[in-house]
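Colleague: here is the input, now give the coordinates:
(one chain, ligands or ions: 2)
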Amino acid sequence: MINLREIIRDAENHKVAVGHFNISDLATLKAILSAASELNLPIVIGLSEGERDFVGVRTAAALVKSYREQYNVPIYLNADHTYSLDKIKEAVEAGFDAVIFDGAKLPLDENIALTKEAVDYVRSVRPEVIIEGELGYIGTSSEVLSAVPMGAAMGENMTKPEEATRFVKETGVDMLAPAVGNIHGMFKNIPEPRLDIERIKTVRTAAGVPLVLHGGSGTSDEDFVAAIEAGISIVHINTEIRVAWRKGIEAALRENPDEVAPYKLLGAALQNVHNVVAARLRLFSRL
Ligand code: G3H
Ligand code: ZN
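Modeller: Ligands and ions are numbered 1, 2, ... in the order given. Sure thing, here's the model as predicted:
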């Protein structure tokens, strides 16, 4: 299987982005993989610390390894939003292809110091693993929101090009996740904030490494297309998947009040998630 570094380089060269989708159950994993396989596109499967606690770090690695052999597309596994070196170690040892050290909420100097510690560890044990750093706080939860999370970087507080230069230089990360108007989660009653496309361009140039857009759910197609053109190489989607999963479960329970077989009830959730992922993948890949 071609490695993730090459997949990202290829995405940059073609001005497309790789889709990163989160899972915490088997139905969602199967739905994402079937969409990727239908479109013949590489895919990154992400699990946050909470999602990993539920699925199991080694179980997630084993599942992805097994599905790699069954699906005809490259599938990569990412330890999403990781807040400690111990959890980074656990994922690297389990065989994950990529890890994220998330120090976005910390003061810059502390973020740099802890991210560098994680980078040094990864380089010393499995240098092929991609490590991403986070610069600019964009909220923490993939949920339906009614307000912008407290402390989220908007306007002048978004990631500054000079900080991106320093962060990448001093930590040595492979990829950078900036705050460019993106927010984790999606909004219920207020419009989704717009992405700052000019900032993406200047941060990409200043950082010198590929950029990752977190908080993709709810973003307009127009903003996605412009952001990818401006320098985004991976896009993270989670809340849209969770909403699709829930709607599928609710419909299945409503329509089959006596059904008790999980695999029968989960079919509608799987189909809903498949549709969301396929639509996002088409957009990210200009299909
Ligand atoms: O790391 C996960 C993503 O950034 C998900 O963000 O829930 O807004 O799609 P989202
Ligand atoms: Zn994220």
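
Colleague: CA atoms for contacts and neighbours, from now on please.
Modeller: OK.

Colleague: in the chain, which spans are helices?
Modeller: Under the criterion DSSP state H, the chain contains helices at 4-14, 26-39, 49-55, 57-70, 85-94, 108-125, 161-171, 197-207, 221-230, 239-255, 262-284.

Colleague: just the CA atoms of stretch 175-183, as PDB, please.
Modeller: What follows is stretch 175-183, C-alpha atoms only, in PDB (Å, rounded to 0.1, in the frame of the first residue of the first chain):
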ATOM      1  CA  MET A 175       1.300  18.700   9.200                       C
ATOM      2  CA  LEU A 176      -0.400  21.700  10.800                       C
ATOM      3  CA  ALA A 177      -4.000  22.200  11.800                       C
ATOM      4  CA  PRO A 178      -4.700  26.000  12.000                       C
ATOM      5  CA  ALA A 179      -7.700  28.000  13.100                       C
ATOM      6  CA  VAL A 180      -9.000  29.700  10.000                       C
ATOM      7  CA  GLY A 181     -12.700  30.200  10.800                       C
ATOM      8  CA  ASN A 182     -13.400  26.500  11.300                       C
ATOM      9  CA  ILE A 183     -15.100  25.200  14.400                       C
END
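
Colleague: of all the helices of the chain, which lies closest to ligand 1?
Modeller: helix 239-255 (3.7 Å; CA to the nearest ligand atom).

Colleague: pull out the buried residues from the closest one.
Modeller: Of all the residues in helix 239-255, those buried under the rule 16 or more other CA atoms under 10 Å are 239-249, 252-253.

Colleague: burial measure for Ser37, as a count.
Modeller: 18 (other CA atoms under 10 Å).

Colleague: and the closest residue to it other than its chain neighbours, backbone torsions?
Modeller: What sits nearest to Ser37 in space, not counting adjacent residues and going by CA to CA, 6 or more residues apart in numbering, is Val73, at 5.9 Å. Torsion angles at Val73 (phi, psi; degrees, to the nearest 10) stand at phi -130, psi 150.

Colleague: report the contact partners of Val73.
Modeller: Contacts here follow CA atoms under 8 Å, 6 or more residues apart in numbering; on that basis Val73 touches 36-37, 40-43.

Colleague: can we see that at 10 Å?
Modeller: Val73 makes contact with 1-2, 33-34, 36-43, 67, according to CA atoms under 10 Å, 6 or more residues apart in numbering.

Colleague: which of the residues you listed are buried, as a PyMOL select command?
Modeller: Per 16+ other CA under 10 Å, the buried members of the contacts of Val73 correspond to this PyMOL selection:
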select buried, resi 33+34+36+37+41+42+43+67
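
Colleague: take the contacts of Val73 and lay them out in TSV including pLDDT and distance to Gly218.
Modeller: Converted to TSV, the contacts of Val73 look like this (pLDDT from 0 to 100; distance: CA to CA, whole Å):
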residue	pLDDT	distance to Gly218
Met1	87	32
Ile2	92	31
Leu33	97	21
Ser34	97	22
Ala36	98	20
Ser37	97	24
Glu38	97	24
Leu39	98	22
Asn40	97	24
Leu41	98	22
Pro42	97	22
Ile43	98	20
Tyr67	96	29
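
Colleague: Tyr137: which of the contacts of Val73 is nearest?
Modeller: Distance to Tyr137 across those (CA to CA) is lowest for Ile43, with 25.2 Å.
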